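# What would the 3D arrangement of this be:
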Amino acid sequence: MELQKLSNGNHHDIGVPVEEGAPSEEERFLQHKDKGLKRPQFTDFEGKTSFGMSVFNLSNAIMGSGILGLSYAMSNTGIVLFLILLTFIACLSCYSVHLLLRSAGVVGIRAYEQLGFRAFGHPGKILAAVIITLHNIGAMSSYLFIVKYELPLVIQAFLGQTSSSEQWFMNGNYLIIIVTACIILPLAMMKHLGYLGYTSGFSLSCMVFFLSAVIYKRFNIACPLEVFGNYSLNADIPEDTCIAKFFTINQETAYTIPILAFAFVCHPEVLPIYTELSNRVLHCVGYSRVLSPTRRRMQNIGNVSIMGMFTMYFFTAIFGYLTFYENTEAELLHTYNKVDPLDTLILCVRLAVLVAVTLTVPVVLFPIRRALLQLLFPGKPFHWLRHISIAVCLLFAVNLLVILVPNIRDIFGITGATTAPTLIFILPGLFYIRIIPTDQEPMNCRSKIQAACFTALGFMFMTMSLTFIGLDWMSGEKRNLGGH
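All right, here's what the predicted structure looks like:
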């Protein structure tokens, strides 16, 4: 009853919840000239998602297929240099979340596209929506490509077949349609992103199983490797093959930064998760107090999620690297297959990775749908038909792309090299500079100078990534840039 009285006594608009007796973020930072100005409404905001579920959803958004390439990245940098770079990128990602939340708090808006509108008008809104859409469609397609090519091999191994079959259930195109219709679409039709916290938790548990298997295999695969088949890597092996390197610089080292940067992309999901973050009741002696989903709570969610993925990334990379050393391939599971393609544990791990990427697709779809709703139906209330139709159309388009295009790696490379740095570095920095009032923080203050340097770093990453792709095209080589 106390909670009900407190809720009824709060006359603030539900779109911008506040702590009782304390001014909202909008009131603290945004000076209203017109007292009758209506505050922004959030059509999907009901504050039902707990702190833990929000951590699961954001962690699942961070976790991508790029984790399979981290051991390869470590083999091209060395353990110490990899750890330095991983720490650097994780800290930058936390700072990027801080810039987004700070900008959202000033104007009382928790939509990426609306931040673009406040910063640059309609062009900014369109640009933010297009970048989110392109990046997340690329991510969804990469996940379904894993299903398309890996699931038939897993089925083949569990059936004990040594060669590919012509049966329909071994066709990757049919399998992605079945997986989409039976698993992804029902989850994508849920009204709130918070409901996916349970599937996100299960997806993360699958990746924990993957990490556990990598650690276990480290102590069960001898070095030098004895490769399954008619040849062996033991012939003419250099003496330092099984010695871990702490610092390594080679032609592939420069690719590590884009790989790690792309591995922490979660920013399109930050504001939707912030929007659905629930109120928290603080019980004190003699009274209860309702705490709104403040910027600090969301920042804590971002920090916990990024640090959790930082830990998982590092342990996956180091134990995978200490298993294969210089023989580590760009896709870690393929390296295990060279040792023994019929290993039951590795087959279970492959299945777990397939489950994890499948359950991540609905989480990635939500920001695309939100961006399209902001562009096509601004200010419209929630409608089930619109909600479901956008999900069906997006999944149909992604399935069509994965089925008809045999190799879209270059498309992924271009979009990933442009959209990932834009979402992590460029847009959060620009939003902060444009949205924070100059009477609060002048352009020459330290925070805005840091944001400007952060934006410049994003342009540098973008230029570097595009340069790598251009060199690949000219040389005819195809390197793995990782990512989601």
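
# Just confirm residue 395 contacts residue 185, I think it does.
Yes. Shown here, residue 395 and residue 185 form a contact pair, counting by C-beta atoms under 8 Å, at 6.0 Å. Bear in mind the C-beta positions are built from the backbone N, C-alpha and C, glycine included.

# Show me which of the two is the more surrounded one.
residue 395 (21 against 18; other C-beta atoms under 10 Å).

# if you skip the residues just before and after it, what's nearest to the more buried one?
Spatial nearest neighbour of residue 395, chain neighbours left out: residue 180 (5.4 Å); criterion: C-beta to C-beta, 6 or more residues apart in numbering.

# is it true that the one you found touches residue 402?
No. Using C-beta under 8 Å, residue 180 makes no contact with residue 402, being 9.6 Å away.

# what sits in contact with each of those two?
Residues touching both residue 180 and residue 402 (C-beta atoms under 8 Å, 6 or more residues apart in numbering): residue 144.

# From the contact counts, what lies against the helix or strand containing residue 390?
If you go by DSSP states H and E, residue 390 is part of helix 384-404. Applying 3 or more C-beta pairs under 8 Å, 6 or more residues apart in numbering; DSSP states H and E, one finds that helix 384-404 makes contact with helix 122-158, helix 172-179, helix 185-188, helix 344-376.

# Nearest to residue 276, out of those?
Closest to residue 276 of the helices and strands packed on helix 384-404, according to C-beta to C-beta: helix 344-376, at 9.8 Å.

# what about the strands in the protein?
280-284, 287-291 (DSSP state E).

# can you tell me which of those the model trusts least?
When the strands of the chain are ranked by mean pLDDT, strand 287-291 comes last with a mean of 46.

# ok, now how distant is the nearest residue to residue 146 once chain neighbours are set aside from residue 132?
Once flanking residues are discounted, residue 146 sits nearest to residue 357: 5.2 Å by C-beta to C-beta, 6+ apart. Residue 357 is 19 Å from residue 132, where distance means C-beta to C-beta, to the nearest Å.

# now swap in residue 437 and tell me
Counting by C-beta to C-beta - residue 437 and residue 132 are separated by 26 Å.

# Compare neighbour counts for these two and give me the winner.
More neighbours surround residue 132 than the other of residue 437 and residue 132, with 26 against 11 (other C-beta under 10 Å).

# Settle this for me: the more buried one is touching residue 368, isn't it.
Yes. Using C-beta under 8 Å, residue 132 makes contact with residue 368 at a distance of 6.5 Å.

# count of neighbours near the residue nearest to residue 395?
22.

# One more: residue 327?
18.

# Please read off the pLDDT at it from the model.
80.

# cool, and residue 398?
In this model, residue 398 carries a pLDDT of 92.

# Assess the claim that it and residue 142 are in contact.
No. Using C-beta under 8 Å as the test, residue 398 is too far from residue 142 to be in contact (10.1 Å).

# quick one: contacts for residue 55?
Contacts of residue 55 by C-beta under 8 Å, 6+ apart are 301, 304, 305, 308.

# Surely residue 133 and residue 374 touch.
No. Contact criterion C-beta under 8 Å: residue 133 and residue 374 do not qualify, at 10.8 Å.

# any low-confidence regions in the stretch 351-484 of the chain?
Across the stretch 351-484 of the chain, the ranges flagged by pLDDT under 70 are 406-413, 472, 476-484.

# and if we set it to 80?
For the stretch 351-484 of the chain, the stretches flagged by pLDDT under 80 are 379, 405-417, 465, 468-484.

# Excluding chain neighbours, what is closest to residue 300?
residue 51 (7.8 Å).

# Now for the most centrally placed residue in the chain: which residues touch it?
When the chain is reduced to its mean C-alpha position, the closest residue under C-alpha atoms, centre = their mean turns out to be residue 62, at 3.0 Å. Applying C-beta under 8 Å, 6+ apart to residue 62 gives the contacts 263, 264, 265, 266, 305, 306, 309.

# cool, residue 355 as well?
202, 203, 206.

# any idea which of these has the most stuff around it?
Of the contacts of residue 355, with other C-beta under 10 Å as the count, residue 203 tops at 25 neighbours.

# Read off the pLDDT value for it.
So, for residue 203, pLDDT stands at 86.

# repeat for residue 333
81.

# That one contacts residue 346, correct?
Yes. With contacts counted by C-beta under 8 Å, residue 333 reaches residue 346, the gap being 6.8 Å.

# which residue sits closest to residue 126 in space, ignoring its chain neighbours?
Residue 126's closest residue in space is residue 375 (C-beta to C-beta, 6+ apart), at 6.8 Å.

# give me the number of residues near that neighbour?
Neighbours of residue 375 under the rule other C-beta under 10 Å: 16.

# Where does pLDDT dip in the stretch 51-200 of the chain?
51, 64-66, 105-111, 157-170, 192-197.

# Redo the helices and strands packed on helix 384-404 as a markdown table? Include distance to residue 447.
Shown next, in a markdown table, are the helices and strands packed on helix 384-404 (distance: least, C-beta to C-beta, whole Å):
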| stretch | distance to residue 447 |
| --- | --- |
| helix 122-158 | 21 |
| helix 172-179 | 45 |
| helix 185-188 | 38 |
| helix 344-376 | 27 |
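
# of all those helices, which lies closest to residue 422?
helix 122-158 (5.3 Å).

# quick one: the residue nearest to residue 337 when sequence neighbours are not counted and residue 222, what's the gap?
Take residue 337 and drop its neighbours on the chain: the residue closest to it by C-beta to C-beta, 6+ apart is residue 346, 7.1 Å away. Distance, residue 346 to residue 222, by C-beta to C-beta: 16 Å.
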